[in-house]
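Colleague: Just need the structure, nothing else, for what follows:
(2 chains)
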Amino acid sequence: MSSLPPPLQKLDPARRVALLVAGLLLAQFLLMSLHARARSLGQSLPRTAALTALQPLQKVADVAVTTLVAAWSGYVDLRGVHIANQRLREENDRLRLALVEREREALDGRRLRELLALRQAAPSPTVVANVIAGDGVPWFRQVTLDKGALDGVLLNAPVVTPQGVVGRVVAVGPTVAVVQTIADGQAGLGATLAVSRVNGELRGQNQPLCRLDNISGLTEVSEGETVLTSGLDGVYPKGLIVGVVETVERGSGAGLHQITVRPSAPLERLEEVAVLPPTVRVTVSELPRASSPAKPPSK
Amino acid sequence: MRQSLPQRRSSAKLASLDLGPAARVTIALFLMTALQTILVRLPRLGFLFEHVDFMLILTVFVGVQPRALRAALVGMTGGLLQDFVLGVLYGANGFVKMLIGYTLAAASVKFSLDSKLTRLLVLPLASVTNAGLFAFFLYFFSLLPPGTTFRDVVRVGMLSLLGNGLAGLALFPLGDRWLGKWISVRSNDEPIAPRAF
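Modeller: Numbering: from 1, shown residues only, chains lettered A, B, ... in the order given. Alright, predicted model coming up:
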């Protein structure tokens, strides 16, 4: 207490605490301002550290939850089985549990084979990762992967499943990466309607359905039409499946269509995903310079 | 191999989880953050946990004791941890939860909020404040998802009121077992430590 400056020594402890809390609140408000201004929403050292520290816990918990859910599903399945003999029932139970486990493994294998096929079809090396956590708030739609920079995951890399696009990587730690899904309210991607080949912008709404904006009312759009990535956003490669048109509120000549799209990837129950290499962006400064401009003819 | 006395003491401490309050609170903070991100992945039920703020429950649990600085620091640390995991607006959750923790603790100097019933009544109020202030900060810094209306904010606030209230019913007794002895302020503490701390 004696180390405090004299004006603070005169204050009673409750006021000193109030002052300290006010100072910390102000500091956090400044931190908010700085962070909002920086706009580099994903990647930062404290975030990477926090995510990396939590990753082992999340990974273990994910394995535990997956196992429990598999066991519970097995149990629920078994409850419906009627058998007369106790011994046979127990044996049947054991076999069914084993069967459920094998089926789960077979499904995993099928998914992995599909992912492998996708991996082989992709032009550059991809990383197959497991989803181990969500963001836990209703305002955003992000998921955490169990692979990070050490496995070759890079910032802004597109993330896909065999069914369709999932999102892009917004933060990478050594062993962990965060993906902003296309359903996130702040996510957007360049999209093309597969039949009419018209480009628009797909935006997330924090709901199962996304919105497809900027499609002219004169364009012919039908429910069930496939939506692909256009490649114009510089993040997602062209031609990946995004989803299918769910509803169309027709616009007029002057008005735009109001289109909702159901993502093809199972965003609410993701397990394995493939992280593609980031699309190479070529900026103007990186373009090869044309030969030096011809000098104006001298008079 | 024989262990020296201090070694044996530390192993015994670990075995019986004889941890101090700071260690217990730190473990609780990490567990709450992990739970928040893990439970939303549960099949069929996961979406319900989007409306439960485990860190807020911990802040209220600590905040209903008349120790303002401790409540504010627990709220701030937990909130910042949430902010780092979410990565959207650093300091937003830290600010809101620190404010809630401090306000509750300052109020509990005058009113007894730490009874089993009162804290359950305080939690929904804190939930609405938390959802409202967090949404306000997102709006203030233009980070609220496009198309979000005031109605959406009210809906999220009401759902968090329900979610946190129900989760509090289960978590407060667990908190009593894990942290209760270390968190609760006894009446004979007063002469040694001012209640505001």
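
Colleague: okay, CA-based contacts and neighbour counts for the rest of this
Modeller: Noted.

Colleague: Can you name the residues of the stretch 51-200 of chain A that neighbour chain B?
Modeller: For the stretch 51-200 of chain A, the residues in contact with chain B (Cα under 8 Å from any Cα of the partner chain) are A:51, A:54, A:57-58, A:61-62, A:65, A:132-140, A:185-186.

Colleague: residue contacts, the nearest residue to A:Leu212 once chain neighbours are set aside?
Modeller: Among residues not flanking A:Leu212 along the chain, A:Leu202 sits closest, at 4.4 Å (Cα to Cα, 6 or more residues apart in numbering or on different chains). Contacts here follow Cα atoms under 8 Å, 6 or more residues apart in numbering or on different chains; on that basis A:Leu202 touches A:Gly188, A:Leu189, A:Gly190, A:Ala191, A:Cys210, A:Arg211, A:Leu212, A:Asp213.

Colleague: what about the fourth one, which SS state?
Modeller: Secondary structure, DSSP: H, G, I helix; E, B strand; the rest coil: A:Ala191 is strand.

Colleague: Can you check what pLDDT the model gives B:Met1?
Modeller: Looking at B:Met1, its pLDDT reads 46.

Colleague: Strands of the stretch 101-250 of chain A, start to end?
Modeller: With DSSP state E, counting those that start in this stretch as the criterion, the stretch 101-250 of chain A has strands at A:127-134, A:142-145, A:158-160, A:165-172, A:177-181, A:188-193, A:199-203, A:210-213, A:226-229, A:241-249.

Colleague: tell me the contacts of B:Phe30?
Modeller: Applying Cα under 8 Å, 6+ apart, one finds that B:Phe30 lies in contact with A:Leu54.

Colleague: Helices - which of the residues of the stretch 51-200 of chain A next to chain B land there?
Modeller: A:Leu51, A:Leu54, A:Leu57, A:Gln58, A:Ala61, A:Asp62, A:Val65 (DSSP state H).

Colleague: What is the neighbour count of the fourth one?
Modeller: A:Gln58 has 27 neighbouring residues, counting by other Cα atoms under 10 Å in any protein chain shown.

Colleague: now swap in the first one and tell me
Modeller: Other residues near A:Leu51 come to 26 when the count uses other Cα under 10 Å.

Colleague: B:Val25 versus that one, what's the distance?
Modeller: Distance, A:Leu51 to B:Val25, using Cα to Cα, to the nearest Å: 19 Å.

Colleague: what does the last one give?
Modeller: Plainly put, A:Val65 is 25 Å away from B:Val25 if you go by Cα to Cα.

Colleague: neighbour count winner among the two?
Modeller: The neighbour count for A:Val65 versus B:Val25, taken as other Cα under 10 Å, is higher for B:Val25 (20 against 17).

Colleague: Confirm that that one sits in a helix.
Modeller: Yes: the assignment for B:Val25, made by three-state DSSP, places it in a helix.

Colleague: pLDDT score for it?
Modeller: B:Val25 is assigned 87 on the pLDDT scale.

Colleague: Which stretches in chain B count as helices?
Modeller: All helices of chain B, identified by DSSP H, fall at B:5-15, B:21-39, B:54-63, B:68-86, B:92-110, B:116-140, B:150-175, B:181-183.

Colleague: avg pLDDT for the shortest one?
Modeller: Helix B:181-183 shows an average pLDDT of 72 in the prediction.

Colleague: Buried residues of it, list them for me.
Modeller: By 16 or more other Cα atoms under 10 Å in any protein chain shown, the buried positions in helix B:181-183 come out as B:Ile183.

Colleague: Least confident secondary structure element in chain B?
Modeller: Using mean pLDDT, DSSP states H and E, the weakest-scoring helix or strand in chain B turns out to be helix B:5-15, at a mean of 53.

Colleague: mind checking how far the closest residue to A:Thr247 other than its chain neighbours is from chain B?
Modeller: Closest residue in space to A:Thr247, ignoring its immediate chain neighbours: A:Thr260 at 5.3 Å, by Cα to Cα, 6+ apart. Counting by Cα to the nearest Cα, to the nearest Å, the separation of A:Thr260 from chain B is 14 Å.

Colleague: quick one: low-confidence ranges for chain B?
Modeller: Along chain B, the parts satisfying pLDDT under 70 run over B:1-18, B:185-197.

Colleague: Show me what residue of the stretch 151-299 of chain A gets nearest to chain B.
Modeller: Residue of the stretch 151-299 of chain A nearest chain B, by Cα to the nearest Cα: A:Gly185 (4.7 Å).

Colleague: Tell me if I'm right that that residue and A:Arg211 touch.
Modeller: No: taking contacts as Cα atoms under 8 Å, A:Gly185 lies outside contact range of A:Arg211: 10.1 Å.

Colleague: B:Ile57: neighbour count?
Modeller: 26.

Colleague: do B:Pro124 as well
Modeller: What B:Pro124 shows, counting by other Cα under 10 Å, is a neighbour count of 23.

Colleague: Run through the residues that contact it.
Modeller: By Cα under 8 Å, 6+ apart, the residues touching B:Pro124 are B:Ser160, B:Leu161, B:Leu162, B:Asn164, B:Gly165.

Colleague: Great, nothing more from me.
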